[in-house]
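Engineer: Next one to model:
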Amino acid sequence: MFRRILIANRGEIALRVIRACRELGVESVCVYSTADKDAPYLKLADRAICIGPGPAKESYLNIPRIISAAEMADVDAIHPGYGFLSERAEFAQICRDCKIEFIGPSPEAMAKLGDKVECKKTAKANKVPIFPGSEGAIEDEDEAAKIAAEIGYPVIIKASAGGGGRGMRVCHNEATLRSNIKQASTEAQAAFGNGAVFIEKFLEHARHVEVQCLGDKHGHAIHLYERDCSMQRRHQKVIEEAPGPGIDRRKRDAVCEAAARLIKAAEYSGAATVEFLMDEKQNFYMLEVNTRVQVEHPVTELITGIDIVKTMIRVAAGEELPYKQRDITIRGHAIECRINAEDPDKGFRPSAGKIDTWHAPGGPGVRLDTHVVQGYTVPPNYDSMIGKLLVHADTRDEALTRMARALREFTVGPIKTTIPLQLRLMENSDFRKGGIDIHFLERMLK
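Structural biologist: Residues are numbered from 1 along each chain as shown. Below is the predicted model:
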């Protein structure tokens with residue numbers, strides 16, 4: 001096991017890793033920007049090192065400063081959390097070159113699965129269902145138009161090197177396809193430093209279902225079943241739940257086994273999420289692989305009883321996965337609401353500032369992952385998420401009722417949050433039935 005780990009991230013995921021380190025008997029070193037200098041969680045780490053000003057490119061995205069901090073603190077490993085540098089193969093390679101263990105996949109596995117074009121090739125070779133579309137990156141408009149005509153409209157343009165909706169365009173005809181190719185490529189280049197884009201068939205009424213997987217350095221790979229993340233806005237998830245409501249057991253087993261097969265084929269070590277879209281007949285098509293721990297990983301922890309972050313650290317240290325696939329069972333139902341400092345009534349405008357009122361919910365089956373306390377000031381520099389409220393219950397109906405109760409208890413002010421919107425969703429009859437598609441929330445908001 002490692003002696004000391006540097007956490008190259010901030011906020012609730014930094015605190016999550018600190019707690020995992022503490023339970024494993026490992027020292028934790030947190031890096032922070034000047035915007036986070038007063039963050040309470042820094043006091044829980046064994047050491048905290050400032051790595052630069054508030055802008056992420058000068059701190060949390062600055063590889064030389066993070067490596068310098070790691071060498072200064074004499075750490076054995078770096079945990080990247082999610083976002084920032086977590087899916088940068090070059091960062092994983094630099095860690096390797098500096099004899100620091102990267103708590104995640106190897107640079108080779110990350111490159112194979114993190115690039116969507118390469119990932120599709122690997123998936124196809126391992127009989128993982130994929131969308132019909134281009135075999136590789138699109139070179140020009142004529143090539144794109146030819147492929148789109150073969151697979152049929154609508155199609156979607158996607159950035160090869162990233163996600164989150166950037167470099168993504170839905171096209172219903174050749175004219176919009178031709179006009180959007182260059183725009184999507186330019187946006188992808190700006191966001192990810194890679195302008196490569198590809199196209200594939202677009203599903204009008206799809207559900208977003210993802211499979212949590214774990215792999216180790218000894219060739220083992222397992223899945224921890226699926227999560228439904230269809231409640232989203234502009235490709236950003238708002239509510240996640242597990243297991244996916246109404247999914248046929250045989251379909252579930254097939255797609256989960258396919259996801260684990262893909263992770264094994266890539267010789268992947270650590271936590272990975274294989275994302276799929278599911279059509280109205282419950283046919284699955286792979287979207288991409290997230291080569292890191294997901295924001296919504298606690299949903300899976302609640303239904304399986306497995307600590308994903310601690311397992312990541314253990315396998316990075318060379319241990320075998322302590323579980324076999326036959327050991328993994330689904331227990332009850334879990335739901336997560338991402339609590340964001342945003343105003344849903346004003347176009348989800350960010351709502352940074354000091355939190356004077358903070359009353360967190362509790363009671364049976366309630367979990368809150370957050371770095372926020374009363375008096376904390378939400379900085380304007382980063383993602384607006386200030387916490388993740390989770391519930392677990394025996395059934396989905398009980399979980400929905402429990403989440404509504406917890407949301408009513410949750411008081412935050414004077415900043416605005418997404419809590420009122422999420423309470424409305426918990427009481428929405430269509431959502432309570434289960435099986436909503438990825439456009440449900442945007443239709444509701446209109």
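Engineer: Following element in sequence after the helix or strand harbouring D142, please.
Structural biologist: Element membership of D142 [criterion: DSSP states H and E] is helix 141-151. Next helix or strand after helix 141-151 toward the C-terminus (DSSP H and E): strand 155-159.
Engineer: what packs against that following strand?
Structural biologist: On a contact count with 3 or more C-beta pairs under 8 Å, 6 or more residues apart in numbering; DSSP states H and E, strand 155-159 meets helix 141-151, strand 169-171, helix 174-192, strand 197-201. Heads up, the C-betas are built off the backbone N, CA and C, glycines and all.
Engineer: could you check the angle helix 174-192 makes with the last one?
Structural biologist: What that stands for is strand 197-201. Orientation check (axes from the mean of the first three to the mean of the last three C-alpha atoms, to 10 degrees): strand 197-201 against helix 174-192 gives 130 degrees.
Engineer: Remind me what strand 197-201 packs against, helices and strands.
Structural biologist: With contacts defined as 3+ C-beta pairs under 8 Å, 6+ apart, the packing partners of strand 197-201 are helix 116-125, helix 141-151, strand 155-159, helix 174-192.
Engineer: Name the stretch among these that sits most buried.
Structural biologist: The highest mean neighbour count among the helices and strands packed on strand 197-201, using mean count of other C-beta atoms under 10 Å, belongs to strand 155-159: a mean of 26.
Engineer: strand partners of that one, parallel vs antiparallel please.
Structural biologist: strand 169-171 (antiparallel), strand 197-201 (antiparallel) (DSSP bridges).
Engineer: can you tell me which of those comes nearest to R178?
Structural biologist: The closest of the strands paired with strand 155-159 to R178 is strand 169-171. By C-beta to C-beta, the value is 8.7 Å.
Engineer: Next, the buried residues of stretch 98-114.
Structural biologist: For stretch 98-114, the neighbour count (16 or more other C-beta atoms under 10 Å) marks 100-107, 109-114 as buried.
Engineer: how many degrees apart are the helix holding D142 and helix 174-192 in direction?
Structural biologist: Calculated by the same axes, to 10 degrees, helix 141-151 forms an angle of 120 degrees with helix 174-192.
Engineer: picking that back up, how about the helices and strands packed on strand 155-159 in JSON lines, adding mean pLDDT?
Structural biologist: Converted to JSON lines, those look like this (pLDDT from 0 to 100):
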{"stretch": "helix 141-151", "mean pLDDT": "93"}
{"stretch": "strand 169-171", "mean pLDDT": "93"}
{"stretch": "helix 174-192", "mean pLDDT": "90"}
{"stretch": "strand 197-201", "mean pLDDT": "91"}
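Engineer: Of those, which is nearest L6?
Structural biologist: helix 174-192 (24.4 Å).
Engineer: Which one of the helices and strands packed on strand 197-201 lies nearest to F440?
Structural biologist: Closest to F440 of the helices and strands packed on strand 197-201, according to C-beta to C-beta: strand 155-159, at 18.2 Å.
Engineer: Against Y82, how distant is the residue of the chain most remote from its centre?
Structural biologist: Using C-alpha atoms, centre = their mean, the residue of the chain lying farthest from its centre is D142. It sits 34.2 Å away. The gap separating D142 from Y82 is 38 Å, by C-beta to C-beta, to the nearest Å.
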